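Enquirer: Mind folding the following:
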Amino acid sequence: MTRDDWTAADVPRLDGQTVVVTGANSGLGYHATRAFAHRGAHVVMACRDMKRGEEARGELAASRPSGALELQKLDLADLDSVRTFAETFADVHDRLDVLCNNAGVMAIPRGETEDGFETQFGVNHLGHFALTGLLLDQMTGEEVRVVTQSSGVHESGEIGFDDLQSEESYDEWGAYAQSKLANLLFAYELQRRLDDEGIENVRSVGCHPGYAATNLQYRGPEAKGSRVRKTAMRVANAIFAQSAEWGALPMLYAATEDVPGGSYVGPGGLMNMRGHPEVQESSERSYDEVAAGRLWSVSEELTGVEYDFEALADASSE
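Expert: Residues are numbered from 1 along each chain as shown. Presented below is the predicted three-dimensional model:
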């Protein structure tokens, strides 16, 4: 049964486990990293900005966690960076126990990644799709968890297969919603494919933070140079949002509690925007297996990353 009072203090000991958190230098990723490290995990902080990453690592180290903190560069807007990160990780670590696909961008003006993808779709979905596939070989432990961060905004999302990169038409919130729906279609499809291959040691779980106050909300207004929108967002955060520390709880719960693969975890309080984490239902579109399979194929084609489930099954059974 889901407890209605679960907090970061309930994260079990993680001694000997290796955890990767993307976007670990701020917001939800920062607080998740802190919780993992204080429970004994070796946390690889996967950050785009190494200066900010080093500052965050210093702050976290000052809190004297029992685990270790390692900083590696990862730019999800550049597939070469994703591949380099995965190669470096494999050179240093022989296994991965938890992967938190957390980093993202939200409601920004249209731009493109290094590989020519619309930025929100490229960073939020394709970058994490590639990263997960490239780290698959290291997921050989007894209980591995892949946690993919979505958003309640996914409920308004649609996958525009005829214009995935929003070249014909772009709406910043529509593109964000598409990317967050893609996160869940990916998380659920990954679990289905693991099940089909008889891989029982890896679970794929989706989550969302509710309405949490992080720097993510300010990037869109900053990119547009809109002081009015930034001020309005700051006021809304102060009145309605829960803290980033509380917003990280669904990700921590999804990563460490005994939830079924293919679950969706979010805050169980007012309108699912705040409160203690619980297993929930996502939108009807997120469970569309046809769309999920099509998105998977397109993602493989765009990223050049194919998942070798057969090799993982063989390695996990040894």
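Enquirer: quick one: contacts for the closest residue in space to F309 that isn't next to it in sequence?
Expert: Among residues not flanking F309 along the chain, E197 sits closest, at 4.2 Å (Cβ to Cβ, 6 or more residues apart in numbering). C-beta: built from backbone N, CA, C; applies to glycine. Residues in contact with E197 (Cβ atoms under 8 Å, 6 or more residues apart in numbering) are 309-310, 312-313.
Enquirer: In the chain, mark out all the helices, start to finish.
Expert: Along the chain, counting by DSSP state H, helices occupy 27-38, 50-62, 79-92, 119-120, 128-134, 172-196, 216-224, 227-240, 244-247, 249-256, 289-303, 309-317.
Enquirer: Those: which one's closest to E278?
Expert: helix 249-256 (8.1 Å; Cβ to Cβ).
Enquirer: And the nearest residue to A212 once chain neighbours are set aside, how far from G266?
Expert: Closest residue to A212 apart from its sequence neighbours, by Cβ to Cβ, 6+ apart: G247 at 2.5 Å. For G247, the distance to G266 (Cβ to Cβ, to the nearest Å) stands at 10 Å.
Enquirer: shared neighbours of the two, anything?
Expert: 209-210.
Enquirer: Stretch 109-120: end-to-end distance?
Expert: Using Cα to Cα, to the nearest Å, the end-to-end distance of stretch 109-120 comes to 10 Å.
Enquirer: again with stretch 63-81
Expert: 30 Å.
Enquirer: And for stretch 36-55?
Expert: 18 Å.
Enquirer: Going forward, the N-terminal residue is numbered 193.
Expert: Sounds good: first residue 193 from here, last item stretch 228-247.
Enquirer: just how off-centre is that stretch within its chain?
Expert: 15 Å (Cα atoms, centre = their mean, to the nearest Å).
Enquirer: Stretch 496-505 now?
Expert: Averaging C-alpha positions (Cα atoms, centre = their mean) puts stretch 496-505 20 Å from its chain's average.
Enquirer: Pull out the buried residues from it.
Expert: 497, 499, 501, 504-505 (16 or more other Cβ atoms under 10 Å).
Enquirer: rewinding a little: could you report the neighbour count for the residue nearest to A404?
Expert: By other Cβ atoms under 10 Å, 25 other residues sit near G439.
Enquirer: What's the per-residue pLDDT of it here?
Expert: With respect to pLDDT, G439 scores 96.
Enquirer: what does G461 give?
Expert: 78.
Enquirer: Per-residue pLDDT of the residue nearest to it when sequence neighbours are not counted, please?
Expert: The spatial neighbour of G461 that comes closest, neighbours along the chain excluded (Cβ to Cβ, 6+ apart), is G467 at 2.4 Å. G467 is assigned 91 on the pLDDT scale.
Enquirer: residues in contact with G467?
Expert: Going by Cβ under 8 Å, 6+ apart, the list of residues near G467 reads 402, 434, 438, 459-461.
Enquirer: same deal with H223?
Expert: 200, 436-437, 439-440.
Enquirer: hang on, E492 packs against R486?
Expert: No: judged on Cβ atoms under 8 Å, E492 makes no contact with R486 at a distance of 11.0 Å.
Enquirer: From T311, how far out is L268?
Expert: Taken as Cβ to Cβ, the span from L268 to T311 is 10 Å.
Enquirer: ugh, wrong one, G398
Expert: 21 Å.
Enquirer: Counting neighbours, go ahead and name the busier of L268 and T311.
Expert: The neighbour count for L268 versus T311, taken as other Cβ under 10 Å, is higher for L268 (27 against 20).
Enquirer: give me phi/psi at that one?
Expert: According to degrees, to the nearest 10, the main-chain angles of L268 amount to phi -70, psi -10.
Enquirer: show me the contacts for the nearest residue to H234 once chain neighbours are set aside.
Expert: The shortest distance from H234 to any non-neighbouring residue, by Cβ to Cβ, 6+ apart, is to A260 (4.5 Å). Remark: with contacts taken as Cβ under 8 Å, 6+ apart, A260 is in contact with 229, 234-235.
Enquirer: Equivalent analysis for F353, please.
Expert: 486-487, 490.
Enquirer: wait, which of those residues is closest to T332?
Expert: Closest to T332, out of all of the contacts of F353 and judged by Cβ to Cβ, is L487, at 26.5 Å.
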